[in-house]
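# Would you be able to build a 3D model of this:
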Amino acid sequence: MMRICGIILAVSLLLIPVDLYSQDTSVRVLSLEDAKRIANAAEARAMEDNWTVVITIIDAGGHPILLHRVDDTQIGSIGIALQKAKTAVFYKRPTKAFQDGVAAGNTGILNLPDLLPFEGGLPIMYDGAVIGGIGVSGVTAAQDGIIAQAGIDAL
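I've put the predicted structure just below:
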């Protein structure tokens, strides 16, 4: 009886479509090449005004793909740039939205996990889905935002 059950199970598994277990290849993933293109454009914009910054590009899960630190940028900007990128990805919006919310008096925002409410973090979108994020830190929040947008515009 056990042997018959085993044969039935094996045959049943063969009848399940193979694509049921395959990954969806239609989902756009941010590549290292994409990250380099974004970071290079962001750095070029920063260099126009001699701004020293850290530029971080992360994937949709919040994991770093690329970290780019311009010479003489303060070390503290590394963690800030990463957290700005994570905020943009985790909440699917620019970090400036949170900065504006806090400025308007909504201090409850500050209790949200994994949030840094300073301009300079942007989600990287493709077909309405977040595929990554960019975070920039090193100059003023508004200047960080300008640099991050230049990076996004390159993709």
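# which residues touch residue 74?
Shown in contact with residue 74 (CB atoms under 8 Å, 6 or more residues apart in numbering): 52, 138. All C-beta atoms are positioned from the backbone trio N, CA, C, and that covers glycine.
# is it fair to say it lies in a strand?
No. Counting by DSSP: H, G, I helix; E, B strand; the rest coil, one finds residue 74 to be coil, located in no strand.
# packing partners for the longest strand that the chain contains?
Longest strand of the chain, by residue count under DSSP state E: strand 129-137. Judged by 3 or more CB pairs under 8 Å, 6 or more residues apart in numbering; DSSP states H and E, the packing partners of strand 129-137 are helix 32-48, strand 54-59, helix 76-91, strand 121-126, helix 141-154.
# Check the gap between residue 137 and residue 29 for me.
25 Å (CB to CB, to the nearest Å).
# mind listing what's buried in stretch 96-111?
Buried residues in stretch 96-111, counted by 16 or more other CB atoms under 10 Å: 96, 98, 99, 109.
# CA-only coordinates of that stretch in PDB, if you can.
Extracted C-alpha coordinates of stretch 96-111, given in PDB (Å, rounded to 0.1, in the frame of the first residue of the first chain):
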ATOM      1  CA  LYS A  96      11.100  64.900   2.100                       C
ATOM      2  CA  ALA A  97       7.500  63.900   2.700                       C
ATOM      3  CA  PHE A  98       8.500  63.000   6.300                       C
ATOM      4  CA  GLN A  99      10.600  66.100   6.700                       C
ATOM      5  CA  ASP A 100       7.600  68.200   5.600                       C
ATOM      6  CA  GLY A 101       5.300  66.300   8.000                       C
ATOM      7  CA  VAL A 102       7.500  66.900  11.000                       C
ATOM      8  CA  ALA A 103       7.900  70.600  10.000                       C
ATOM      9  CA  ALA A 104       4.000  70.800   9.900                       C
ATOM     10  CA  GLY A 105       3.900  69.600  13.500                       C
ATOM     11  CA  ASN A 106       3.200  65.900  12.900                       C
ATOM     12  CA  THR A 107       5.900  64.700  15.300                       C
ATOM     13  CA  GLY A 108       4.300  61.300  15.600                       C
ATOM     14  CA  ILE A 109       6.100  60.500  12.400                       C
ATOM     15  CA  LEU A 110       9.300  60.300  14.500                       C
ATOM     16  CA  ASN A 111       8.000  57.100  16.200                       C
END
